[in-house]
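the sequence isn't on hand, but the structure is:
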């Protein structure tokens with residue numbers, strides 16, 4: 001452990017999930033990524049596919065990308081390794097909320113962990129999808145980007161939160177969360193960020209990954225800080241990659257837990273806490289950025305390159 005401000009003790013990281021030699025794709029979990037936007041003013045898809053790519057690079061056995069139907073072919077072209085679920089949209093490209101929910105429910109049956117938000121856009125239908133996932137609480141859920149804004153737009157949003165949820169806000173999104181739950185914290189200053197992450201996590205009853213230089217992760221009782229990474233990671237799509245890494249690890253640890261019989265399976269070999277898993281994802285993301293920086297410098301990193309360096313970062317951690 002290391003000391004933080006105000007006597008806060010930062011926790012050590014867990015080990016990476018095991019990769020048994022007899023494993024197959026079902027052994028390592030399935031990540032469902034829900035994102036993409038097909039309506040004005042901006043059509044977006046890259047964020048969702050970056051998260052999907054990162055989940056696979058982290059070791060998830062499968063990825064399902066649920067994207068607007070009009071973007072499904074593009075999604076397959078970007079990442080042919082993914083399974084794509086087309087979400088029904090209206091003539092203007094907006095999700096049809098009830099039909100999209102049915103498609104997502106079918107995909108959820110196969111999922112071990114879920115990401116919602118990358119490139120999702122802002123609409124009432126998208127907000128309905130986000131809040132429904134949060135209220136259901138069936139699978140570990142990573143809430144990122146536009147999904148954080150959708151959550152924060154609701155009155156008393158934390159009241160509907162169920163299950164294991166990991167929020168991955170940058171300081172602006174964290175401030176929106178704080179406003180939504182009436183929490184007076186400073187999410188920007190490095191000295192106050194650990195306390196802010198802890199307070200947000202306590203008030204939400206969730207894990208909060210407060211991104212930025214010295215990213216802090218908290219589950220409300222414990223905190224982890226990452227001092228790796230650098231300015232190269234300040235690039236569009238970097239956060240989407242991190243969301244995929246978090247989900248990829250949640251999926252692998254979740255499958256391992258089920259194979260051992262779950263929390264009541266009579267074994268002391270319990271999986272890491274969700275907060276520790278999220279902090280491990282932050283470490284991997286930062287180490288990938290460091291690997292790129294050593295080779296190329298502090299500017300010019302593309303987000304997909306972070307994802308593609310995750311296996312090298314994992315190997316370095318296993319060899320340490």
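Noted; the coordinates are in hand. Remember, predicted model here, so these are calculated numbers, not experimental data.

show me the helices in the protein, by range?
With DSSP state H, the ranges of helices along the chain come out as 46-58, 72-78, 97-108, 124-136, 146-152, 171-180, 193-204, 238-259, 274-296, 303-319.

columns mean pLDDT and distance to residue 28 on top of these, output as a markdown table?
In short, each C-beta sits where N, CA and C put it, glycine included. Converted to a markdown table, the helices of the chain look like this (pLDDT from 0 to 100; distance: least, C-beta to C-beta, whole Å):
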| stretch | mean pLDDT | distance to residue 28 |
| --- | --- | --- |
| helix 46-58 | 98 | 9 |
| helix 72-78 | 98 | 22 |
| helix 97-108 | 97 | 18 |
| helix 124-136 | 94 | 22 |
| helix 146-152 | 96 | 25 |
| helix 171-180 | 94 | 30 |
| helix 193-204 | 95 | 28 |
| helix 238-259 | 89 | 5 |
| helix 274-296 | 98 | 14 |
| helix 303-319 | 97 | 13 |
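
tell me which of these sits most buried.
helix 46-58 (a mean of 30; mean count of other C-beta atoms under 10 Å).

about what we covered before: so which of the helices of the chain is nearest residue 161?
helix 124-136 (5.5 Å; C-beta to C-beta).

elements contacting the closest one?
Packed against helix 124-136 by the contact rule (3 or more C-beta pairs under 8 Å, 6 or more residues apart in numbering; DSSP states H and E) you find helix 97-108, strand 113-116, strand 141-143, helix 146-152.

6 Å - rerun?
For helix 124-136, the packing partners by 3 or more C-beta pairs under 6 Å, 6 or more residues apart in numbering; DSSP states H and E come out as helix 97-108, helix 146-152.

need those helices in TSV with distance to residue 161, can you?
TSV is the format used below for the helices and strands packed on helix 124-136 (distance: least, C-beta to C-beta, whole Å):
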stretch	distance to residue 161
helix 97-108	17
helix 146-152	8
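
might one say that residue 44 is in contact with residue 38?
No - if you go by C-beta atoms under 6 Å, residue 44 and residue 38 don't touch, sitting 8.6 Å apart.

spatially central residue in this protein, please.
residue 243 (2.6 Å; C-alpha atoms, centre = their mean).

what sits against that one?
51, 115, 142, 144, 168 (C-beta atoms under 6 Å, 6 or more residues apart in numbering).

quick one: neighbours of the third one, just the number.
Right, residue 142. By other C-beta atoms under 10 Å, the residues close to residue 142 number 32.

could you do residue 118 as well?
The number of residues packed near residue 118 is 33, by other C-beta under 10 Å.

from residue 63, how far off is it?
The spacing between residue 118 and residue 63, counted by C-beta to C-beta, to the nearest Å, is 12 Å.

any idea of the mean pLDDT in whichever strand in the chain runs longest?
Taking DSSP state E as the criterion, the chain has its longest strand at strand 62-68. For strand 62-68, mean pLDDT is 98.

what of stretch 19-37?
On average, stretch 19-37 scores 94.

so for the residue of the chain most remote from its centre, what pLDDT did the model give?
Most distant residue from the mean C-alpha position of the chain: residue 91, 30.3 Å away (C-alpha atoms, centre = their mean). Predicted confidence (pLDDT) for residue 91: 97.

ditto for residue 157
Residue 157 is assigned a predicted lDDT (pLDDT) of 78.

my read is that it contacts residue 151, right?
Yes - counting by C-beta under 6 Å, residue 151 is a contact partner of residue 157 at 5.0 Å.

need the nearest residue in space to the residue nearest to the centre of the chain, chain neighbours excluded.
Distance criterion C-beta to C-beta, 6 or more residues apart in numbering; nearest residue to residue 243, sequence neighbours excluded, is residue 144 at 4.0 Å.

next one: residue 132
Excluding the flanking residues, the one nearest residue 132 by C-beta to C-beta, 6+ apart is residue 101, at 6.1 Å.
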